[in-house]
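>>> sequence and predicted structure are below.
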Amino acid sequence: DAGVIQSPRHEVTEMGQEVTLRCKPISGHNSLFWYRQTMMRGLELLIYFNNNVPIDDSGMPEDRFSAKMPNASFSTLKIQPSEPRDSAVYFCATSILGAKNIQYFGAGTRLSVL
Amino acid sequence: KQEVTQIPAALSVPEGENLVLNCSFTDSAIYNLQWFRQDPGKGLTSLLLIQSSQREQTSGRLNASLDKSSGRSTLYIAASQPGDSATYLCAVRPLDSSYKLIFGSGTRLLVRP
């Protein structure tokens, strides 16, 4: 398996623009996580899906952020409108929900909002 | 609220040295603890997972210990190599969650040739 695939790897955009980050999970994994990593706040969970259903979105910072998982093979994280403080590395991770729940991370998308 | 702290934030050692990375957490009600490795520009890779009922786990030159009652874990790296240079993060899974991980801020390790 190719692992968790995220695209794009890098995104540079201007304030106010819409940004869409994409994630393809490992086949057979039923849990998907979106994280944000910054120097100031470390790694934070934004949203968690189980079997394509959003279970916990308490980490989504505000209404400008939205996430979808239309099927087991694809998820998106959208920021509209983007702001400079959204600049961070965004990771997608997937797992098989169970006793150990080891999460496998994608390589991340580095977002810069100018 | 569970908080995870890693000290030191950065560490530089010569090749061949044995070293210890520290992780502490404020709430002992955890299901397990994981150590991850993060290389620059890459995602996290799980190294070791210790269940709350376990005291340690070993994988090759890595040994992780867990003292749940005192809220501490250590990652021991034997005979360090330049390829071990990376950021190491620990994360705890709270007892009341089937999925949530609370991460420390990491220790950035540099092993000098």
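Received, thanks.

>>> and the helices in chain B?
Here chain B has no helices by DSSP state H.

>>> show me which residues of it sit near chain A.
Selection of chain B residues close to chain A by Cβ under 8 Å from any Cβ of the partner chain yields B:32, B:34, B:41-46, B:49, B:51, B:89, B:93, B:98-101, B:103-106. Quick note: C-beta positions are derived from backbone N, CA and C, even for glycine.

>>> how about a cut-off of 6 Å?
B:42-44, B:46, B:49, B:99, B:103, B:105 (Cβ under 6 Å from any Cβ of the partner chain).

>>> what are the boundaries of the strands in chain A?
A:5-7, A:10-13, A:19-24, A:31-38, A:42-50, A:53-56, A:65-71, A:74-79, A:88-95, A:104-105, A:109-113 (DSSP state E).

>>> so which of those strands comes closest to chain B?
strand A:104-105 (3.3 Å; Cβ to the nearest Cβ).

>>> which strands and helices lie in contact with the closest one?
Applying 3 or more Cβ pairs under 6 Å, 6 or more residues apart in numbering or on different chains; DSSP states H and E, we find strand A:104-105 packed against strand A:88-95.

>>> tell me the contacts of residue B:86?
B:37, B:39 (Cβ atoms under 6 Å, 6 or more residues apart in numbering or on different chains).

>>> so how far is residue A:107 from it?
14 Å (Cβ to Cβ, to the nearest Å).

>>> same question for residue A:3.
Taking Cβ to Cβ, one finds residue A:3 at 8 Å from residue A:107.

>>> which one's more surrounded, those two?
More crowded of residue A:3 and residue A:107, by other Cβ atoms under 10 Å in any protein chain shown: residue A:107, with 18 against 14.

>>> just give me the neighbour total for the residue in chain B positioned nearest to chain A.
Nearest to chain A, among the residues of chain B, is residue B:43, at 3.3 Å (Cβ to the nearest Cβ). Neighbour count of residue B:43, defined by other Cβ under 10 Å: 22.

>>> phi, psi for it please.
phi -80, psi -170 (degrees, to the nearest 10).

>>> partner residues bridging the nearest residue to it once chain neighbours are set aside?
Spatial nearest neighbour of residue B:43, excluding adjacent residues (Cβ to Cβ, 6 or more residues apart in numbering or on different chains): residue A:105 at 3.3 Å. Counting by DSSP bridges, residue A:105 forms beta bridges with residue A:93.

>>> what is the neighbour count of residue A:105?
Neighbours around residue A:105, by other Cβ under 10 Å: 23.

>>> and the pLDDT for it?
Each residue has a pLDDT score; the one for residue A:105 is 94.

>>> touching, it and residue B:46? I think so.
No. Taking contacts as Cβ atoms under 6 Å, residue A:105 lies outside contact range of residue B:46: 8.6 Å.
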